[in-house]
Each structure stands twice: as structure tokens, then as C-alpha cells.
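Q: pasting the sequence and the predicted coordinates here, then a few questions.
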Amino acid sequence: MTVDSVNAGGYARQGLDVLDHIAASSRDAVGQAAELLARCVRTDGVIQAFGTGHSQALVLELAGRAGGLVPTNRLSIADLVLYGGDDPSVLDDPLLERRPGVADRLYDLAGPQPADLFVIISNSGVNNVIVEMALRAKERGHQVLAITSLAHTRAVPASHPSGKKLADIADVVLDNAAPRGDALLELPGGGAVCALSTLTGVMLVQMTVADTAARLLADGLRPPVYVSANVPGGFEGNLELETRYAGRIRRTAS
């Protein structure tokens, strides 16, 4: 890495190289992930997406967006306040995602059904609430899809008392190919700038959604997908699709 590469062009070149690598090397894993999603949709399940920190960006990419699957639900630590009645001050705790018992509460607040699939997103894959959520989901019989950085998770110790990391628990793992620490461009004298995991994570999410749609179409099923609410009829059509999952996704009435 040279100083000359720490610029927009350097990030674009290296980022595109990683995206090309993911497109070529992740087909099998993406296919396995898509089968989990397609099976969930076929069996009237809901895809429960969870992440903390900046991984919430990929939760938003998967759940409740135009061109995405309707039976998707966003889980967040903020649910402790929004649905659990906790005082908003609990979210001021910088170590909240490391506290034991948080994931159990979030799971219970979501009220998932047996056919639901959990998609858990974490670059490091080691924070307590992430591992706890994966373990709780598996204990309750759900399948788990992980989106994580294998380079990062292999380079840091487990922090959960079980000694496990997200990648150890998941049924299928999608590797976002981000480096340890996530930042891509190394700086002279140490450190790095410009994160990669969101860029590559979006690619993996959308590749998986595309393969999921292909599997549903092959079964003769029309994929239940959102249309932009900003095109004529989009809002009304989305409401009609959501009625099938009323009370199970938080964008619908209970």
C-alpha cells in the first residue's frame, strides 16, 4: 500500500476487486443462503434480520425495502425501548451489546414462529448479543444465516462465555471479505481508512435475494417483493402483500 493509493480511485479499484472476488467465489454459499430464504418463504415463515452498530445498514438492506422480500422483520437493540418499555437511557450504555440476556429479551419481543429464519449480521461475529442471538435461535429450532468477515472473526478471540463465534453457530456463512478492522486503505504509520463491509455485504444480500427469487419462480411461485411506494400503486400493492404477515412483521398491525 502506498500513499498514492489512499484516495477515491484507490478505494474504488480495491473495492471493485473485492466485489469481483465475491461474485466469483461466493456462488455456492449464496446458493445455500438463498435456499434457506426460499424455504422460509415457502413455509410461510418470516426472515428475522438482526445486527448491531453499522451492521444495521445491512438489516435495512434486507428487511422492508423496495425490491426486497416482504416477509422480513428488523430486529434492533432499540426494540428494548420501542417494544419492551425500557427507559431510552438504556441505549446510552456503550457496552449494551455485550450485556448477557439482551438477545434473549429481543428474541422474546419479536415473538418469532418456528418456520422463521434468522439472518444475523456482524463483521467481527464475536459481540455477546450477536452470539447470544444465534444460540437462542438455534435452541428454538430456527436456521441461522450469518453475514460476517471470516478474516476478522478468525483474528480475534471469542468473547461469549460459550467460546463460540457467530460463524461457529450458523447453518450457512456468507463471508463479506472485509479485512480485520473493516477499513480497506492502510495509512502510513499504521491504521486504515474507508470501510468495506457495507459495500460487500450489500452485494451478498442482493445476490442472495436474486437467487431466492429464482428458486421461488422455479417452484411456480411469485416472489412476494416490495415495489417502491413512490410509484403509482406501489403503496397499495405493498399493503396487500403485507396482510399475509399481519402482526408478524412490525410494519403491519397486530
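A: In hand now; what should we look at? Residues are numbered from 1 along each chain as shown.
Q: can you give me the helices for the protein?
A: Applying DSSP state H to the chain gives helices spanning 8-25, 27-42, 56-62, 79-82, 102-110, 128-139, 150-155, 166-169, 197-218, 234-242.
Q: so, low pLDDT: which residues of the chain?
A: Applying pLDDT under 70 to the chain picks out residues 1-4, 252-254.
Q: test my guess that residue 19 contacts residue 202.
A: No: with contact defined as Cβ atoms under 8 Å, residue 19 does not count as touching residue 202 (9.6 Å). Yep, even glycine has a C-beta here, placed from its N, CA and C like the rest.
Q: before we move on, back to that, mind checking which of the helices of the chain is nearest residue 180?
A: Taking Cβ to Cβ, helix 150-155 is the member of the helices of the chain nearest to residue 180, at 4.4 Å.
Q: how about the closest residue to residue 87 other than its chain neighbours, what does it touch?
A: Distances taken as Cβ to Cβ, 6 or more residues apart in numbering put residue 81 closest to residue 87, at 7.3 Å, once the chain neighbours are dropped. Counting by Cβ atoms under 8 Å, 6 or more residues apart in numbering, residue 81 makes contact with 87-88, 90-91.
Q: look up how far residue 250 lies from residue 81.
A: 14 Å (Cβ to Cβ, to the nearest Å).
Q: ok, now residue 158?
A: Using Cβ to Cβ, residue 158 is found at 31 Å from residue 250.
Q: ok, residue 129 next?
A: Taken as Cβ to Cβ, the span from residue 129 to residue 250 is 19 Å.
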